[in-house]
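J.: below: sequence and its predicted model.
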There are 2 protein chains.
Amino acid sequence: MAKLPGQPTRGSISGRPVMVLLDALGKRWTLRLLWELHRNGAGTFRELRARCEDVSPTSLNNRLKELRELNLIELNERGFVLTAQGRSLSLLLKPLDQWAKKWAQTIETN
Amino acid sequence: MAKLPGQPTRGSISGRPVMVLLDALGKRWTLRLLWELHRNGAGTFRELRARCEDVSPTSLNNRLKELRELNLIELNERGFVLTAQGRSLSLLLKPLDQWAKKWAQTIETN
DNA sequence: TATCTTTGCTACTGTTTTTGTAGCAATATT
DNA sequence: AATATTGCTACAAAAACAGTAGCAAAGATA
């Protein structure tokens, strides 16, 4: 189901690892799930649904399945957890929070 | 069209800046476009299409429109370019390339 | 001035992705 | 033997995206 590095993806025929990654992250809920698991730790299927604005079980299952095939999360006694790979990736996402705060100040919402 | 920080988004009712950002980045071609503009510089509409696997003009236009409203890109004489904000964001994305390379080695594709 | 090109972009239709509701099978608990 | 919780699936509707064609405006060329 998920496209692994080396394989052509939805958004890039090259199969270059970074392209495969960008494509996976570009699917809905993927980034949010990584973020959620990083910030608030492991969770069961239903817990993750609740944490993610009640995402539909269909979508959640698809994303979790893909993230598992990509070796970014796994399912154990504690629920769905980031793997070592997943943790190292989510570390890269961490600065986005601070960045977004400053960014928000430069945009007039009202 | 685009959801700005402070406003509820597709994937988060809170409007928290980072959620707005994750939602925007989670749309197809968004990450790829930022990546492309960072790596290979400004480009016209048609150039960007070609650079991005011939993305449909409909989708490209939507993403460019959103990215402009989010103050991440702008259109000038040279074509579509990253703004200062866009550049600072794409700097955060840069490490993904190296990460993906190592990541690819840990996954057996064949 | 008239033609030719290139620009960003839109209309339209069909496919893919995502959603929302209901509920199942398996495991654990009481 | 019930009851509850787990991950997950079926199915139909809605939304997002793709693919082709082509338009209007601006610039270059003749």
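T.: Arrived safely, thanks for sending. What you see is a predicted model, and the numbers here were worked out from it, not measured in a lab.
J.: could you confirm whether the helix or strand hosting A:Leu31 reaches chain B?
T.: In this structure, A:Leu31 is located in helix A:30-40 according to DSSP states H and E. Yes - with CB under 8 Å from any CB of the partner chain as the criterion, chain B is reached by helix A:30-40 at A:30-32, A:35. Where you see a C-beta, it was placed from the backbone N, CA and C, and this is true even at glycine.
J.: can you redo the residues you listed as JSON lines with pLDDT and neighbour count?
T.: Conversion of the residues of helix A:30-40 next to chain B to JSON lines gives the following (pLDDT from 0 to 100; neighbours: other CB atoms under 10 Å in any protein chain shown):
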{"residue": "A:Thr30", "pLDDT": "98", "neighbour count": "22"}
{"residue": "A:Leu31", "pLDDT": "98", "neighbour count": "26"}
{"residue": "A:Arg32", "pLDDT": "98", "neighbour count": "23"}
{"residue": "A:Trp35", "pLDDT": "98", "neighbour count": "19"}
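J.: which of those sits closest to A:Ser90?
T.: A:Trp35 (7.1 Å; CB to CB).
J.: tell me the contacts of that closest one?
T.: Counting by CB atoms under 8 Å, 6 or more residues apart in numbering or on different chains, A:Trp35 touches A:90, A:93, B:18, B:22.
J.: pretty sure the first one contacts A:His38?
T.: Yes - the pair A:Ser90 and A:His38 passes the contact test of CB atoms under 8 Å, sitting 3.7 Å apart.
J.: mutual contacts of the two, please.
T.: A:Leu82.
J.: these two: which has the busier surroundings?
T.: A:Ser90 (19 against 16; other CB atoms under 10 Å in any protein chain shown).
J.: and the more buried one, which of the three is it?
T.: helix (DSSP: H, G, I helix; E, B strand; the rest coil).
J.: let me see the contact set for it.
T.: A:Ser90 sits next to A:34-35, A:37-38, A:82 when contact means CB under 8 Å, 6+ apart.
J.: same question for A:Leu48.
T.: A:Leu48 touches A:33, A:36-37, A:55, A:60, A:64, A:79-80, counting by CB under 8 Å, 6+ apart.
J.: most neighbours among those, which one is it?
T.: Each of the contacts of A:Leu48 was scored for neighbours by other CB under 10 Å, and A:Leu33 scores highest at 27 neighbours.
J.: okay, that residue: pLDDT?
T.: If you check A:Leu33, the pLDDT there is 98.
J.: before we move on, what about A:Asn110?
T.: 49.
J.: start and end of stretch A:8-28, how far apart?
T.: 19 Å (CA to CA, to the nearest Å).
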